[in-house]
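Asker: mind folding the following:
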Amino acid sequence: MSQSTDAKASARAHGRTHRERDRAVRYGWFAVDLLVVLISAFMAAWVRYDLDATASTTREIALFGLLAAVVYAAVGMMVGPYRIGHMRGSFEETSDLIRAILVTALVLAVVRLVFGAPDVPRSLPFTTPVFALLGMFTLRFLVRSWRWGRQTVREQDVRAIVFGAGHMGRQLVRNLHRDTSQGDRYVPVALLDDDPGKRRLSIDGLRVSGTRDQITAVAERTQAKALIIAATTMPGEDLREISELGRQAGLDVLILPPVNELFHAPRGADLRHLNLEDLLGRQRIELDQTAIRNSIAGKRVLVTGAGGSIGSELCRQIDRYGPAKLVLLDRDESAMHSAQMSMTGRALLDDGTLALCDIRDPNALGAIFEREQPQVVFHAAALKHLTLLEQFPIEAWKTNVLGTLNVLEAAQAVGVETFVNVSTDKAAWPSSVLGYSKRLAERLTASFASAGDDTYVSVRFGNVLGSRGSVITAFTAQIERGGPVTVTHPDVERFFMLIPEACQLVLQASAIGTDGEVMVLAMGKPVKIVDVARTLIEMAGKHDVEIQYTGLRPGEKLSEQLFTPGEEIKTSEHPLVSHVNVPAIDPQLVRAQYFDTDADALAWMVEHSGGHRDHDPSKDIDITAEGPILSPDSVADHHGGENI
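Answerer: Below is the predicted model:
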């Protein structure tokens, strides 16, 4: 309690000190401006009398100067810049100065021209205010030019290099210079930018002194402790490189939030450390809201796997477009409870929008579809853990293949208008059980497209950050245990998306999808899994956590692909969505299969998915890799970013 009281008292004292300082500065400029007005009267007379010093220093000129100063003082305190405090150099201060000078000129003109006193040239009421305004602006410019870049750095302040001299960077530098907070604050000591057009640009006395290549040299020269990235639209690969250069220079790397999260000019309080979303560099997606709304509004929509990370976010976004009814289908009752709570704020489970069902059960599915009569179906239910499915291929077959077939048949039976199968990049040129099963699901969806006039499409995308069971969750748990963090290979990389971003593009693809084709979402550039691990370690502040490499496992690739070799890639109405044809497969052929062993199931899926099963041991790491190499049997968790 006493600490809180002391903090409040300290804050009040700091506020009083700041107000007293502001008042002193304001009244100081008031006195200086009055002197400028007085001197301006003599200057105006000196010019009027052709630079004759004797004629311009008479008693009448002095009286006129005093009158001008008195009038300006009265006007300035009533409507000018001295009645309230202004930010120095702001538009408000400038406009108030001009307003006060104009009113002063008007009063002086009336006094001289109407009353004829004092007896000075009739031009002086007009030229004196002009000289005064020029003098005020000149003095302010000189003082602020001298002060720019000479901000006092206190012992507790953090010297910072600002990277980015664009609009946001300029505003940030100015606001950091004006920061009068009592606690720690960031003081800009250098400015960097990669744009050659900004070379030698000066902002508040700071010149752009180089590019990202000079981060280390500038940090040593200025004794900076932080690097502030003020370019809010920087691509992910550039952000990763600059942040790595900053860390190598021993700097604490911070960033401004995206522009759409800032509701005011950027300031020191807005700065935060980098997160994974920043490093992905995913830009805000512009959706065709009209097309999406037309495909969903007023229609009955059903989502399978609605309790999962993707399914629940899909439901939340679909709900915003006003469906006639949204049905959540899942076999996990607790997950559906959480999903409904996140959508409505209440989860009584009795409003008729939840369907507890396993997609492996065709009879239960058929009954639910018959009852709900959905017009739009998003099929997100699936088994997704690559390593686990490698051990149990029949389970992947039962859920990802037969389960998808069950949902497709139930949808066709009730005349669903639009069916969207949520797929994965591992279905492109598949090498894993997960990839084989999802590729077969794509082929089954294509086969139903050819059976009628309704639209059946698949949507393929990569790993989703934050999804349940994702690599992020596993890394976080390992870091909390103190490490090590296990990564399969130093060069393994994956495509990543954010959950809302992936769901938005799924909705967009459903609205513009071409019947029978696979819609492929733009992934940007792949991100190395080890970079994800290092970022999470940095964010946790546990710099002693080791990264250990375990070697690629069966079915894994160093890099994922979005397309199978030979697929014809076509553009769509949306720049972030492409589409490709996939060969259909006879549903009856799939339905007729029954496997006694996992090996039989695996062999059949490899053959009919068009995938491959080779694993090149030469791609595995060797003894020169960072950290000890662990055998797969000795580590419970190995991560190559394989989860969607």
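Asker: which helix or strand in the protein has the lowest average pLDDT?
Answerer: Here the helix or strand of the chain ranked lowest by mean pLDDT, DSSP states H and E is helix 276-280, holding a mean of 69.
Asker: for the closest residue to residue 357 other than its chain neighbours, helix, strand, or coil?
Answerer: Counting by C-beta to C-beta, 6 or more residues apart in numbering, the nearest residue to residue 357 once its immediate chain neighbours are dropped is residue 364, at 4.8 Å. Where you see a C-beta, it was placed from the backbone N, CA and C, and this is true even at glycine. Secondary structure, DSSP: H, G, I helix; E, B strand; the rest coil: residue 364 is helix.
Asker: ok, the one 5 residues further on next?
Answerer: On the three-state scheme (three-state DSSP), residue 369 is labelled helix.
Asker: I'd like to know how far it sits from residue 358.
Answerer: Using C-beta to C-beta, to the nearest Å, we find residue 369 at a distance of 14 Å from residue 358.
Asker: for residue 559, what are its contacts?
Answerer: 492, 493, 494, 526 (C-beta atoms under 8 Å, 6 or more residues apart in numbering).
Asker: just the buried ones among these, please.
Answerer: Taking 16 or more other C-beta atoms under 10 Å as the criterion, what is buried in the contacts of residue 559 is 492, 493, 494, 526.
Asker: ok so, going back, neighbour count for residue 369 and residue 358, which is higher?
Answerer: residue 369 (25 against 16; other C-beta atoms under 10 Å).
Asker: ok, and the closest non-adjacent residue to the more buried one?
Answerer: residue 410 (4.1 Å).
Asker: I'd say the one you found and residue 363 touch.
Answerer: No - look at residue 410 against residue 363 with C-beta atoms under 8 Å: they stay out of range, at 9.7 Å.
Asker: any idea how far residue 454 is from residue 121?
Answerer: Here the distance between residue 121 and residue 454 works out to 91 Å (C-beta to C-beta).
Asker: the residue found closest to residue 522 once you drop the neighbours it is linked to in the chain: neighbour count?
Answerer: Leaving aside its sequence neighbours, residue 522 sits nearest to residue 576 (C-beta to C-beta, 6+ apart; 4.1 Å). Neighbour count of residue 576, defined by other C-beta under 10 Å: 19.
Asker: wasn't residue 378 part of a strand?
Answerer: Yes - Residue 378: assigned to a strand according to three-state DSSP.
Asker: find me the pLDDT at residue 353, would you?
Answerer: Residue 353 carries a pLDDT value of 87.
Asker: ramachandran angles for the residue nearest to residue 369?
Answerer: Phi and psi for residue 410, reported as degrees, to the nearest 10, are phi -60, psi -40.
Asker: residue 458 too?
Answerer: Torsion angles at residue 458 (phi, psi; degrees, to the nearest 10) stand at phi -120, psi 150.
Asker: can you pull out the helices in the stretch 501-644 of the chain?
Answerer: 529-540, 587-591, 598-609 (DSSP state H, counting those that start in this stretch).
Asker: make TSV out of the ones you listed and add mean neighbour count, distance to residue 519 and mean pLDDT.
Answerer: Below are the helices of the stretch 501-644 of the chain laid out as TSV (neighbours: other C-beta atoms under 10 Å; distance: least, C-beta to C-beta, whole Å; pLDDT from 0 to 100):
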stretch	mean neighbour count	distance to residue 519	mean pLDDT
helix 529-540	20	26	80
helix 587-591	13	21	94
helix 598-609	18	19	91
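Asker: figure out which of those is closest to residue 436.
Answerer: For the helices of the stretch 501-644 of the chain, distance to residue 436 was read as C-beta to C-beta. The smallest value, 3.8 Å, belongs to helix 598-609.
Asker: what is the closest one packed up against?
Answerer: With contacts taken as 3 or more C-beta pairs under 8 Å, 6 or more residues apart in numbering; DSSP states H and E, helix 598-609 sits against helix 393-396, helix 433-449.
Asker: ok, residue 105 - contacts?
Answerer: Contact analysis of residue 105 by C-beta under 8 Å, 6+ apart lists 125, 126, 128, 129.
Asker: go again with 6 Å.
Answerer: Residue 105 is in contact with residue 129, counting by C-beta atoms under 6 Å, 6 or more residues apart in numbering.
Asker: what about it, distance to residue 36?
Answerer: Distance from residue 105 to residue 36, counting by C-beta to C-beta: 15 Å.
Asker: likewise for residue 522?
Answerer: From residue 522 to residue 36 the distance is 60 Å (C-beta to C-beta).
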